[in-house]
Structures are given as structure tokens and as C-alpha cells.
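A.B. asks: What follows is a protein structure lacking sequence information:
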């Protein structure tokens, strides 16, 4: 079964709205979570690394004030897209660092499709 | 900066044929992963390659890793329509937190 739950699966909202996406690790404690963005027909691009209890580390070119990340507990990280605009429409995927990287390095959520009108 | 490139980017092939997808990466790493993504879906883990010379097989797919050449291959044998998807390789670029850098992806279409 899924070990990382991402919610919501799909959201459509008007330009200027702030949207929050949740990523939960279901049966383990995830000290590190990752947020990716994927535009149509492109690869996954890492946006930020989220560490429990500390500030997220953002990749170059990602606006930290626009994409707010909170990792307040060992099982929950949230990504808030503030004042979203049509260019923010994308597929957002979270993942959690796995306990045993020899099995796989990260457990991926099912993704959130964000459409800004 | 780690770069991960895949070839080809798009591949259309007939059922029953064989083909190989290549994944090249730019800096030293001895851990590489292959994922499958169906349209509108998240990633499905396919293979975990942990050392030089590693070879893994599952059904009609076989993956290998050559760390000296910084090259991994994903070989498709006797392709079937169900294998149509986008395939990504990914390399660990930070061993402290298991940060991954993904390849450009190969969009595979199998034609009946």
C-alpha cells in the first residue's frame, strides 16, 4: 500500500488564490521530504528539500516566498503556492526519504495536479 | 552540477521488438534508479542499481549499471503495449539526504 499520501489529487482555482498541498508519510517518520514540479512532457525538477523542524532548502531559481514549505512534524510536510498564477499550473509531486536507500531512496506521493485559471 | 541525460527522448516501436534506453550521468555515483510514469500518474519504482556491474531483470525489462562509464541501460525485450509509458532514470546526487537528480525521460510508445 501507499506509504506517502498526497492531498489533494487535483485542484482547479482562480488566479490569485493560495493553494496548500499536503504530503504525509503513513507508516514511518520522514525527517526529510522533497517537493518536485513537473511540467507536461518534462522531467521532475526538484523544488526544495524539506527537513523536519528547520527551514526548507530551495533549489536555485525557486522563489521561497511563493512556494512556502512547512515541515512541522515527522509525518507531514506542506507546500503552499501563494497567489498562484496560470504559469504555476503543473503537476506537483512530494516524496519522503526512505529508511533503507538500498530498497529505494524515496517514497513518492501520487501527485497533485494544479490548474490555475 | 550533476547532469543526467537519457536517449532517446521519444521512442515508438512495434510490439515484439527489442530496444535499449540509455542513461548517462556526469559525476561519480554508484546508485542509480529507474522509474516508470504513466500519464497523469506519479512514479513507480522499477529497478535499484547499487554497484558497478549490477544487472536487474523484471519481466521484459532489464537494467544494468556501469559506474566507470557513468552509464545505465534499460533494455526492452519483445515489447508489448502495456510497456507504453515514460521511463526515468535518477541518480543520487546527495548521499546525506538521498537527493535525486532525474534524467530527461524517455517516452515510449509501443504500437500493436
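C.D. replies: Yep, it's here. Keep in mind that what you see is a predicted model, and the values were worked out from it rather than measured.
A.B. asks: which stretches of chain B form strands?
C.D. replies: B:4-7, B:10-14, B:19-25, B:32-37, B:43-49, B:55-58, B:61-66, B:71-76, B:85-94, B:99-102, B:106-111 (DSSP state E).
A.B. asks: again, but for chain A
C.D. replies: Under DSSP E, chain A gives strands at A:4-7, A:10-13, A:19-25, A:32-38, A:45-51, A:57-58, A:67-73, A:76-81, A:90-97, A:106-108, A:112-116.
A.B. asks: now the strands of chain B as CSV including distance to chain A and mean pLDDT?
C.D. replies: (C-beta placed from N, C-alpha, C; glycine too.) Below are the strands of chain B laid out as CSV (distance: least, CB to the nearest CB, whole Å; pLDDT from 0 to 100):
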stretch, distance to chain A, mean pLDDT
strand B:4-7, 9, 96
strand B:10-14, 9, 94
strand B:19-25, 12, 97
strand B:32-37, 7, 96
strand B:43-49, 5, 94
strand B:55-58, 13, 96
strand B:61-66, 14, 97
strand B:71-76, 15, 97
strand B:85-94, 6, 91
strand B:99-102, 5, 92
strand B:106-111, 7, 96
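A.B. asks: export the strands of chain A to CSV and tack on mean neighbour count, mean pLDDT and distance to residue B:75?
C.D. replies: Listed next are the strands of chain A as CSV, based on neighbours: other CB atoms under 10 Å in any protein chain shown; pLDDT from 0 to 100; distance: least, CB to CB, whole Å:
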stretch, mean neighbour count, mean pLDDT, distance to residue B:75
strand A:4-7, 19, 95, 30
strand A:10-13, 14, 96, 35
strand A:19-25, 21, 96, 34
strand A:32-38, 24, 95, 26
strand A:45-51, 21, 93, 27
strand A:57-58, 17, 94, 36
strand A:67-73, 17, 92, 38
strand A:76-81, 21, 96, 37
strand A:90-97, 25, 95, 27
strand A:106-108, 24, 92, 24
strand A:112-116, 18, 97, 32
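A.B. asks: if we can go back for a sec, format the strands of chain B as CSV; extra columns: mean neighbour count.
C.D. replies: Output for the strands of chain B, formatted as CSV (neighbours: other CB atoms under 10 Å in any protein chain shown):
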stretch, mean neighbour count
strand B:4-7, 18
strand B:10-14, 13
strand B:19-25, 19
strand B:32-37, 23
strand B:43-49, 20
strand B:55-58, 12
strand B:61-66, 20
strand B:71-76, 19
strand B:85-94, 22
strand B:99-102, 22
strand B:106-111, 17
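A.B. asks: hang on, the earlier thing: same list (the strands of chain A) but as JSON lines, adding distance to residue B:82.
C.D. replies: As requested, those are exported to JSON lines (distance: least, CB to CB, whole Å):
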{"stretch": "strand A:4-7", "distance to residue B:82": "25"}
{"stretch": "strand A:10-13", "distance to residue B:82": "25"}
{"stretch": "strand A:19-25", "distance to residue B:82": "29"}
{"stretch": "strand A:32-38", "distance to residue B:82": "23"}
{"stretch": "strand A:45-51", "distance to residue B:82": "28"}
{"stretch": "strand A:57-58", "distance to residue B:82": "38"}
{"stretch": "strand A:67-73", "distance to residue B:82": "36"}
{"stretch": "strand A:76-81", "distance to residue B:82": "33"}
{"stretch": "strand A:90-97", "distance to residue B:82": "22"}
{"stretch": "strand A:106-108", "distance to residue B:82": "21"}
{"stretch": "strand A:112-116", "distance to residue B:82": "24"}
